[in-house]
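Colleague: what's the 3D shape of this:
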Amino acid sequence: MGHFYNKSEKELNLCRETADIDHELSGSALIALLMEDAAIKQHFPEYNVASKRNPRAYGIFMYQDRNDIRHLAYNTLKNTPSPFIIFYNITDCRTYLEKLCMQFELCPKYCHLQEGVQQCNHYKIHTCHGVCRNEESIEKYNERVERALDFSRNTTANKIIKQPGRHSQEEAFVLVKNGVYLGYGFVDHTQQITNPDDLEHFLIPQKDNVDIQKIIKREIVKV
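Modeller: Take a look at the predicted model:
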């Protein structure tokens with residue numbers, strides 16, 4: 001509705017050229033975004049500019065310093081060696097690093113959430129065991145970094161994102177396999193789902209692209 005209440009010249013031109021409106025139920029904001037992107041790629045509308053741009057990509061990667069401490073850091077994808085996950089803005093990179101830092105009790109300094117400090121002193125993360133103060137062995141710290149890496153690789157490569165259905169007797173899902181978005185689907189509550197492979201019978205296949213990955217990565221950060 002925002003398009004029709006906006007008084008900018010672009011939006012007024014869009015309204016003048018609109019002859020008919022239809023809609024399709026999605027059940028959730030996430031699937032609505034996925035549907036929208038698919039429609040934009042199919043119809044390539046004149047007034048849609050944002051989805052025609054190539055968003056800047058950032059990669060999160062691991063490196064080992066001269067003291068053998070493993071760091072988690074992020075940079076533009078062009079300057080990232082072997083990223084283990086990709087995002088499309090810096091805020092999502094930092095949010096995801098904070099999540100790993102808290103879940104695996106890592107050091108904010110060595111997750112590059114704090115720069116130019118001798119010891120970590122993060123405003124909301126207090127999980128560090130003291131590797132930055134020489135109170136924990138580097139070997140123990142690096143083991144937790146490796147667990148964080150394994151967790152990240154496993155959870156982003158294959159993922160089923162559950163969503164509300166289009167009505168109360170239905171659930172929806174988004175399917176990612178081997179890091180590739182396969183599509184979304186809707187499952188009635190009367191259906192028996194015993195393993196993830198059963199969901200493929202209800203899948204509405206879709207094409208993967210950079211914009212879709214951006215949408216899904218943002219959802220992963222929120223979970």
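
Colleague: okay, CA-based contacts and neighbour counts for the rest of this
Modeller: OK.

Colleague: what about Thr190, distance to Asp198?
Modeller: 14 Å (CA to CA, to the nearest Å).

Colleague: The two: which has the busier surroundings?
Modeller: Asp198 (12 against 8; other CA atoms under 10 Å).

Colleague: My reading is that the more buried one lies in a helix. Confirm?
Modeller: Yes - Asp198 forms part of a helix when assessed by DSSP: H, G, I helix; E, B strand; the rest coil.

Colleague: Spit out the contact partners of it.
Modeller: With contact set as CA atoms under 8 Å, 6 or more residues apart in numbering, Asp198 has no partners.

Colleague: any idea how far it lies from Met102?
Modeller: Asp198 is 34 Å from Met102, by CA to CA.

Colleague: now Gly185
Modeller: Separation of Gly185 from Met102 (CA to CA) stands at 33 Å.

Colleague: Show me which of those two is the more surrounded one.
Modeller: Gly185 (21 against 16).

Colleague: residues making contact with the helix or strand containing the more buried one?
Modeller: Gly185 is located in strand 180-188, with elements delineated by DSSP states H and E. By CA under 8 Å, 6+ apart, the residues outside strand 180-188 that reach it are 31, 157, 165, 169-176, 199, 202-208, 212-213.

Colleague: what comes up buried for the longest helix seen in the chain?
Modeller: When the chain is parsed with DSSP state H, its longest helix is helix 138-157. Residues of helix 138-157 classed as buried by neighbour count (16 or more other CA atoms under 10 Å): Ile138, Tyr141, Asn142, Arg144, Val145, Ala148, Leu149, Thr156.
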